[in-house]
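**Q** Provided below for reference: sequence and predicted model.
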Amino acid sequence: MVNRIWNIDGQETVGTEGAVLKWDDEKFFSLEFGGKTFFGEILEDKTESNSVKLKINHRVFEITKKGELDDLITAMGLDIPKVKKLKELQAPMPGRIVNVAVKVGDSLEVGDEILSLEAMKMENVLKAEGIGIVKEINISNNDVVEKGTVLIEFE
């Protein structure tokens, strides 16, 4: 018996034998296991990336099969997302600074709010696109800035 490792809704699961799968057509199927019958539908078929999204008895499951290449990629550390280190924040457009949400020394993570900039009567919240520590703040609330102005510098 070969046990395969599957990832079902984020939980690693070892596959076992004993289930009977019957196809109604290329999209719908029934699954018999442990004396019960489950009805299913393929919602997304991404076989090239070893994943499938199924609906079984009105519940949706994301299922992926772990392969040999996945283990190699993990062992080499290539599955860890790269995070950009912040250097400076420039004004993406001309406008007025509404609120500076950080202070010198603050440590920022991806998605943290940095400041609000009002442009064309709309308030735009600028968020960190990387990580960094606030080194210098070159603006204050109500300052009017031009596009490209360096607003904040990071270590």
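**A** Received the coordinates, thanks.

**Q** From now on I want contacts and neighbour counts done on CA atoms only, so please keep to that.
**A** Will do.

**Q** Beta-bridge partners for residue 154, please?
**A** Following DSSP bridges, residue 154 is listed with bridge partners residue 134.

**Q** Name all residues that make contact with it.
**A** Residues counted as contacts of residue 154 (C-alpha atoms under 8 Å, 6 or more residues apart in numbering) are 86-88, 132-136.

**Q** what about the residue of the chain most remote from its centre, distance to residue 18?
**A** Most distant residue from the mean C-alpha position of the chain: residue 35, 38.3 Å away (C-alpha atoms, centre = their mean). Distance of residue 35 to residue 18, computed by C-alpha to C-alpha, to the nearest Å: 10 Å.

**Q** can you check residue 117 too?
**A** Using C-alpha to C-alpha, residue 117 is found at 60 Å from residue 18.

**Q** Neighbour count for the two, which is higher?
**A** Neighbours were counted for residue 117 and for residue 18 using other C-alpha atoms under 10 Å; residue 117 has more, 26 against 9.

**Q** who touches the nearest residue to the more buried one once chain neighbours are set aside in this structure?
**A** Excluding its sequence neighbours, the residue lying closest to residue 117 (C-alpha to C-alpha, 6 or more residues apart in numbering) is residue 97, at 4.6 Å. If a contact means C-alpha under 8 Å, 6+ apart, then residue 97 has 115-118, 139-145 as its contacts.
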